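> pasting the structure only:
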């Protein structure tokens, strides 16, 4: 049974945000516009003096080259995107926007963690200590603005027209700050297709469902069972550096360039769902992404392709 009730509030909120869709709109799993699907830290728990490497998973159906900017917010007031942007805006207003990297194709970045970053945080506040990195992906030319604007970046198309916030992707990656504690990213061992291992280099041939809706119940003859098998050791447990017991919870998110999932989110302990291509994609190759998250900032992903007859 795909029960999400036992998930932690943060992980449950993310799962419900993805899976709850107005029937008049395409589901969140349908990647038909520029998307940044995930950002992965090689060390989800950052330590003072570390350098953390961030890498992104993005897709643009139009295949446009992207320009990126990455900006640090080392001590945001809270964990929201706005908290991080507030700190970035304040830095920009002072003419010192903390850009870590920027430029065409710069979809990853190294983030140095100051050795004294935890020194100013009282002991009782260190359980919630985090740093953030703002990322901006622009399908055009990206300009960094050292002014106090809502988003201190400008994205323009090849004709010089300014693109709005709906045309570029602005996000934040949170890094938990710890003295010594370590969190490993999840590991996806295999993807299965109708009960058999689906190798990464195999392109499945599938039939599409002739439906205009996103209801897999209409597609009994074309749907397939799929699952992302997460390594059991990815579910970590024990005591953290503050003496609190923990047991990780993991989910798998599903995305595709076209198709219908029975469940867009599954818990890793019960990963099987169903998927069908749609007849509207006949003659094309579609991509499916499988993204595993734990509830302590860990993430990993893999993808597969299917040719629609």
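That came through fine. Predicted, not measured: the structure shown is a model, and the values here were computed from it.

> can you list the weak-confidence ranges in this protein?
Along the chain, segments meeting pLDDT under 70 span 1-25, 147-148.

> Next, give phi and psi for the residue most central in space within the chain.
The residue lying closest to the centre of the chain (C-alpha atoms, centre = their mean) is residue 38, at 2.0 Å. Residue 38 adopts backbone torsions of phi -170, psi 160, taken as degrees, to the nearest 10.

> quick one: which helix or strand includes the spatially closest residue to it that is not a sequence neighbour?
Spatially, and ignoring its direct neighbours in sequence, residue 38 is nearest to residue 57 (4.6 Å; C-beta to C-beta, 6 or more residues apart in numbering). Using the backbone N, CA and C atoms, a C-beta is placed for each residue, glycine as well. For residue 57, the host element (DSSP states H and E) is strand 51-59.

> Skipping its backbone neighbours, what lies nearest residue 241 in space?
Spatially, and ignoring its direct neighbours in sequence, residue 241 is nearest to residue 181 (4.3 Å; C-beta to C-beta, 6+ apart).

> how much space is there between that neighbour and residue 75?
For residue 181, the distance to residue 75 equals 19 Å [C-beta to C-beta, to the nearest Å].

> same deal with residue 142?
Distance, residue 142 to residue 75, using C-beta to C-beta: 25 Å.

> so what's residue 171 up against?
36, 39, 81, 134, 135 (C-beta atoms under 8 Å, 6 or more residues apart in numbering).

> Double-check that residue 88 belongs to a helix.
Yes: assessed by DSSP: H, G, I helix; E, B strand; the rest coil, residue 88 belongs to a helix.

> nearest residue to residue 204 other than its sequence neighbours?
residue 306 (4.4 Å).

> and the one you found, how many neighbours does it have?
By other C-beta atoms under 10 Å, 28 other residues sit near residue 306.

> in which helix or strand would I find it?
Assigned by DSSP H and E, residue 306 falls within strand 299-308.

> partner strands of that strand, parallel or antiparallel?
strand 203-206 (parallel), strand 285-294 (antiparallel) (DSSP bridges).

> Out of those strands, which is closest to residue 226?
For those, the distance to residue 226 is smallest for strand 285-294, at 7.5 Å, taking C-beta to C-beta.

> in the chain, which spans are helices?
For the chain, the helices defined by DSSP state H cover 9-19, 81-93.

> who's in contact with the longest one?
Residues from elsewhere that reach helix 81-93, judged by C-beta under 8 Å, 6+ apart: 71, 73-77, 97-98, 132, 134, 145-152, 170-172.

> re earlier: in the strand holding residue 306, what counts as buried?
Judged by neighbour count (16 or more other C-beta atoms under 10 Å), strand 299-308 contains these buried residues: 299, 300, 301, 302, 303, 304, 306, 308.

> likewise stretch 230-241?
Buried, per 16+ other C-beta under 10 Å, within stretch 230-241: 230, 234, 236.

> How about stretch 204-219?
204, 206, 207, 208, 209, 211, 214, 216, 218, 219.
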